[in-house]
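J.: Structure for this input, please:
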Amino acid sequence: MRLLHTAPPLLLALALVACQAQTPKPARGGGGGKSASLRAMESVATVAYKCWFSSKDPAFKPYRFANELNSMTGQPRFLLVPAKNFGGRPLLVVQATGGSAKVDAFGPLLSEPLGARISGDLRRWTAGDTSCGAPA
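T.: Alright, predicted model coming up:
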């Protein structure tokens with residue numbers, strides 16, 4: 001008789017345990033399951049922010065940094081937008097796509113005099129050199 005009283009709660013507990021979602025295991029090879037593109041963009045975005053904005057570089061005063069690394073599109077990126085219009089059209093987009101660690105940049109700012117410096121910084125940073133280099 002005792003088994004009949006304990007069986008329903010025991011079955012309920014077992015059913016609840018069985019229904020709980022399994023926690024996915026992180027991918028091997030470091031990065032905690034992050035894609036190569038996200039790892040690359042985190043690195044580049046961190047140093048870009050440090051060198052261009054935290055350093056108060058006057059060349060970047062007219063712009064604001066918009067971080068979009070947690071994009072669900074598989075294209076982690078960051079943007080430079082006009083400082084006075086944060087919701088405005090991006091002047092620079094720096095992104096990596098899918099599983100690739102290749103970083104691409106595009107936008108009208110690259111055609112400006114500052115574009116050569118931006119391109120040089122991005123080449124250096126994607127190669128692993130995190131130095132800020134000389135300001136414009």
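
J.: Am I right that residue 124 falls within a helix?
T.: Yes: membership of residue 124 in a helix is supported by DSSP: H, G, I helix; E, B strand; the rest coil.

J.: so what's it closest to, chain neighbours aside?
T.: The shortest distance from residue 124 to any non-neighbouring residue, by C-beta to C-beta, 6 or more residues apart in numbering, is to residue 133 (6.6 Å). C-beta here means a position set from N, CA and C on the backbone, and glycine is covered the same way.

J.: what separates that neighbour from residue 111, distance-wise?
T.: Relative to residue 111, residue 133 is positioned 20 Å away (criterion: C-beta to C-beta, to the nearest Å).

J.: Likewise for residue 79?
T.: For residue 79, the distance to residue 111 under the criterion C-beta to C-beta works out to 16 Å.

J.: Looking at those two, which is more packed in?
T.: Relative neighbour count places residue 79 above the other of residue 79 and residue 111, with 20 against 8, counting by other C-beta atoms under 10 Å.
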